[in-house]
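Asks: prediction below, plus the sequence it came from.
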2 protein chains.
Amino acid sequence: MVSKFLRVNTTTGEVKFEEVPEKYLALGGRALTSQLVFDEVPPTCDPLGPYNKLVIAPGLLSGTNAPSSGRLSVGGKSPLTGGIKEANAGGIASQKLANLGIKAIILEGKPAGSDWYLLKVTPAGAELLPANDLAGKGTYEVTAVCRERYGNKVAVITIGPAGEMLMLAAGVTNNDSEGNSSRYAGRGGLGAVMGSKKIKAIVVDSPTTFDAPVKEPERFKAAARKFTQILQNHPVTGQGLPSYGTNVLMNIINEAGALPTRNFRFGRFDKASEVSGEKLAEVAVARGGKATHTCHPGCVMRCSNVYPMPDGKVCAPIEYETAWSFGPNLEIGDLDVIAKLNYICNDVGLDTIETGCTLGVLMEAGVIPFGDGEAAIKALEEVAKGTPLGRIIGSGSANAGRVYGVTRVPAVKGQGIPAYDPRACKGNGVTYATTPMGADHTAGYAVTANILKVGGYVDPLKPESQVELSRNLQIATAAVDSTGLCLFVAFAVLDNPEGLPTIVEMINAQYGLNLTPDDALNLGKQVLKLEREFNFKAGFTSADDRLPEFFSLEELPPHNVVFDVKEEELDQVFNF
Amino acid sequence: MVSKFLRVNTTTGEVKFEEVPEKYLALGGRALTSQLVFDEVPPTCDPLGPYNKLVIAPGLLSGTNAPSSGRLSVGGKSPLTGGIKEANAGGIASQKLANLGIKAIILEGKPAGSDWYLLKVTPAGAELLPANDLAGKGTYEVTAVCRERYGNKVAVITIGPAGEMLMLAAGVTNNDSEGNSSRYAGRGGLGAVMGSKKIKAIVVDSPTTFDAPVKEPERFKAAARKFTQILQNHPVTGQGLPSYGTNVLMNIINEAGALPTRNFRFGRFDKASEVSGEKLAEVAVARGGKATHTCHPGCVMRCSNVYPMPDGKVCAPIEYETAWSFGPNLEIGDLDVIAKLNYICNDVGLDTIETGCTLGVLMEAGVIPFGDGEAAIKALEEVAKGTPLGRIIGSGSANAGRVYGVTRVPAVKGQGIPAYDPRACKGNGVTYATTPMGADHTAGYAVTANILKVGGYVDPLKPESQVELSRNLQIATAAVDSTGLCLFVAFAVLDNPEGLPTIVEMINAQYGLNLTPDDALNLGKQVLKLEREFNFKAGFTSADDRLPEFFSLEELPPHNVVFDVKEEELDQVFNF
């Protein structure tokens, strides 16, 4: 099987497979989406216009037996940040695409009409089908209809009404094995880009999940087995995450005084334990849900969950960042309210982090009272209706701040800051400020050394050494994001010197390459450099690599710290 | 009388007069506001935060007998564009400030509380007074209350509820001699900056209007007399503007095919004559209004008007750009509807150009039907109520475009494009794209040579020579904007070689200087250079010096032209 690009010209309706040019052969995931966006999208183009493209790519290892390797990368020019964007997700689409030999789907152009389309991809080929009947439907229904129509093994990559309405906080989702449409490439508004191309859904039908071609199967199997052990032997990936999922962080970050509360006013929330991973597991299990769950087949960390809601519906999952964005951030201490807000976002097609930040800004503006879960739910229900308030919510936190004249807006490059206050977790602050992605905890997750004491220790409250920490993590992350491996493998890789070589060994065995660990890091550097260059051409400068003013003006209790990493230092992050 | 700065620290409530440092002595108007903003405001600061400042300055010639010299400059970092901003207006405040020897008012800091203040300035001094009783009131009522309270000769510089609510399209207004609060420094959201400082109004009480100190009175008088003749002898400033006001342009621009219609979809409007200056004069006079009117005492062009509305209220004035923004731009061919929309904007405190562009974007999004005047009025009435829709309208066109996912948004640097389509008046297109002010026709009004054949002729439909035209006009404008002279003197100055030397002669006579016409142009260059430098530091790049994508993709009827001045050429505008 020769891997190929699937290129869809939405202006003309042409669908074609292309041979993959040699320069892209050793790229996957983020490295591939960013390289294609860099090569094919004019940096100054309108993100919702005909010149932008949406690129969907499995990682290098996706579709094999490599553990936890089923992440799907989605890239394009972000309508939220105006810069280059890659967001990745679990779900079952990545592995299926890889098993069909599809290295990337490229959606380009822009149709003149108002009709919606579905892209159907099977071993027999690919075609665009009419999909007006799916327009306006939530992602859960779209996924259910497609599984009904095309078989319950298909992967459904889709957008909700938010993406159709071109809302800047709209994400691209795909489903897990149970058909829950909640594995979101959420950040940066790529759902609006998909909406601008009038593609409501992409159905991927593959008979296999783990049979992507591997050149040296035995060598690969040995490396994959070893990597599984490395993950299982680390306390975070082997015990912490598999026990309570990502939301195990709630109590930890609260204890560290870095849990952004009441729109980043405080670092601790008195009801943190009520919305913690421990509590979530207890309630979920009591109601017949699951405290652990894989976001994609073959994951050994199982850090997700299935949370049955009082109304009988299931919210799967409630990740830590979502529990934070709708919990402490809004002073809401009720998991059922959080689950409801999470579910609405998943269904209407909005990024939960961005939406939580936006609701925080609306509470700051007095539109909704802090702590009022019912009011938050009511407001969020406006999104699907497309009312002015719904539109404002769907446009993201920075936009909402501009609409309401709010200065206390936690956003960088137009994207909301996630669940770790940059004043009390300064390594993350450096990442938020400088990553080409806009504020993004996954771009250089310094919580590791700052709070979890993984990969060393750097005092989270002091400005020293945070730039170096963030730099190294951003490089490593760009590399990991290209493999299809879940970023969480980094916990183990940072502490185990055999981690990175084993990842490289898997890639070498799969593709018949002779890469070294240094090559992997160089790939990470190269990805960051071209993402930065795209952003420069799009009009970004060092003035965009800054946190909002209030983080340097207002002290964060309980440690009473401000963000004090110097601007000159921030400008050194990409000196490599 | 020694001229002074009046500095108000709104954090502490301190009000003090300061000696003017020597470097500012020969600056006025825009040159002074931009220099002070450049020197005192950190370019990356939050425009609505404590580090921004609002600077209000009369021009160099304001308060003398120089004809048409009563413009008031307002400057700061724009919350709409994120760059440096100067907006200027007529009204009576500029001359009164100059007669009090006040070279600039500088509002700085930001109060912690929610109380509103009024700054009262008289020959006896200046003080901050409580003004909570004025909060929430429209500008007409605020002005009436202040004239009642402090005498009907005072100038009232104020903001409406839009500025109080920190809306990004809020302007700063002051009144004409009759007490109409409609002389707007409208563009760029400086009303929100004033609102962020919690200053509701500035009352300026001066016993004199034309007695600003002049070092060589006889020499000055001769020059002023000569300049009056120059203005009166030119067909535009001596006949066109005094007959039908600025709205004389409606039929002219329509005839030229450059009248943006239905949100910049067409270049001609079939009901243009219904909303033209000729029609306006006819209706205004028939209803007992005025076809001509001075926006400030001592103006010889009298290009404004007084339009009585059917409900008995008076809209003064309806300028061409407003008649366009609410007329052809929205496909509304009814002067009474335009007057009503204009009046609401004046009262609530919004820039009419920006608001018309925003309503156009909302019509594009389908929120309001094109051509539906009643729906537009109803929507605009939401602003004062602060509803979500009202907030969106108040946040400006670019923001509304983001909220509604609209790609056809006529804005540069976040500011709406005014009444001359850049495809059929390409010199203005170059100005819109490149001026540090965000899209602004007054920053380099190439309509002169493109359409009016003033100052030569450059074919408006061709890309050639537009950069040079815009460059020269931008330089001259920056100089004129520093004098307090109305920009319209440029019509005469461009065609009369004695124009510029006579302006310089007035300045020399007033201040005892020995400037040459070259010095004046050098001042213009210097102003532009520091405005550009501020913007670069604030994060602007050449990518910001571009028109929206649709102007190069969609042909404008009837000439079926796109904007085709090359990007490399746009980047040459400031090569001087």
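Replies: Structure received. Numbering: from 1, shown residues only, chains lettered A, B, ... in the order given.
Asks: quick one, what contacts the spatially closest residue to residue A:507 that is not a sequence neighbour?
Replies: Nearest-residue entry for residue A:507: residue A:60, 5.7 Å, with adjacent residues in sequence omitted and distances by Cβ to Cβ, 6 or more residues apart in numbering or on different chains. The way it works is simple: take the backbone N, C-alpha and C, and place the C-beta from them, glycine included. The neighbourhood of residue A:60, defined by Cβ atoms under 8 Å, 6 or more residues apart in numbering or on different chains, consists of A:26, A:27, A:28, A:29, A:482, A:483, A:484, A:507, A:510, A:511.
Asks: which of the residues you listed lies closest to chain B?
Replies: Nearest to chain B among those is residue A:27, at 26.6 Å by Cβ to the nearest Cβ.
Asks: what about the closest residue to chain B within the stretch 151-300 of chain A, how many residues nearby?
Replies: Residue of the stretch 151-300 of chain A nearest chain B, by Cβ to the nearest Cβ: residue A:166 (2.5 Å). The tally of other residues near residue A:166 (other Cβ atoms under 10 Å in any protein chain shown) stands at 27.
Asks: the residue nearest to residue A:507 falls within a strand, correct?
Replies: No. Using DSSP: H, G, I helix; E, B strand; the rest coil, the assignment for residue A:60 is coil, not a strand.
Asks: pLDDT value on it, please?
Replies: Residue A:60 is assigned 97 on the pLDDT scale.
Asks: looking at this, residue A:494 is in a helix?
Replies: Yes. Counting by three-state DSSP, residue A:494 is found in a helix.
Asks: can you tell me which residues in the stretch 151-300 of chain A are near chain B?
Replies: Residues of the stretch 151-300 of chain A lying close to chain B by Cβ under 8 Å from any Cβ of the partner chain are A:165, A:166, A:167, A:168, A:192, A:195, A:196.
Asks: which ones are touching the fourth one?
Replies: The reference is to residue A:168. A:79, A:80, A:189, A:192, A:394, A:395, A:396, A:399, B:402, B:405.
Asks: now it, what's its secondary structure?
Replies: Assigned with three-state DSSP, residue A:168 falls in the coil class.
Asks: farthest from the middle of chain A: give me that residue.
Replies: Largest separation from the mean C-alpha position in chain A: residue A:218, at 32.6 Å (Cα atoms, centre = their mean).
Asks: check what pLDDT that residue gets.
Replies: 97.
Asks: next, it: secondary structure please.
Replies: Quick answer, by three-state DSSP: residue A:218 is helix.
Asks: which helices and strands does the least confident helix or strand in chain A by mean pLDDT pack with?
Replies: Here the helix or strand of chain A ranked lowest by mean pLDDT, DSSP states H and E is helix A:241-244, holding a mean of 89. The helices and strands touching helix A:241-244, judged by 3 or more Cβ pairs under 8 Å, 6 or more residues apart in numbering or on different chains; DSSP states H and E, are helix A:277-286, strand A:290-293.
Asks: one more time with 7 Å, if that's ok
Replies: Judged by 3 or more Cβ pairs under 7 Å, 6 or more residues apart in numbering or on different chains; DSSP states H and E, helix A:241-244 is in contact with helix A:277-286.
Asks: which residues does the helix it packs on contact?
Replies: A:244-245, A:247-248, A:250-251, A:273, A:290-291, A:305-308, A:318, A:335 (Cβ atoms under 7 Å, 6 or more residues apart in numbering or on different chains).
Asks: for the record, mean pLDDT for that helix?
Replies: Per-region confidence: helix A:277-286 scores 96 on mean pLDDT.
Asks: list the buried residues for it?
Replies: Neighbour counts over helix A:277-286 (16 or more other Cβ atoms under 10 Å in any protein chain shown) mark A:277, A:279, A:280, A:281, A:283, A:284 as buried.
Asks: same check, this time on stretch A:375-387
Replies: Result for stretch A:375-387 [16+ other Cβ under 10 Å]: buried residues A:375, A:376, A:377, A:379, A:380, A:381, A:382, A:383, A:384, A:386, A:387.
Asks: just to revisit the earlier point, just put the contacts of residue A:168 in CSV and tack on pLDDT.
Replies: Converted to CSV, the contacts of residue A:168 look like this (pLDDT from 0 to 100):
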residue, pLDDT
A:79, 98
A:80, 98
A:189, 98
A:192, 98
A:394, 98
A:395, 98
A:396, 98
A:399, 98
B:402, 98
B:405, 97
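Asks: brilliant, that's me finished.
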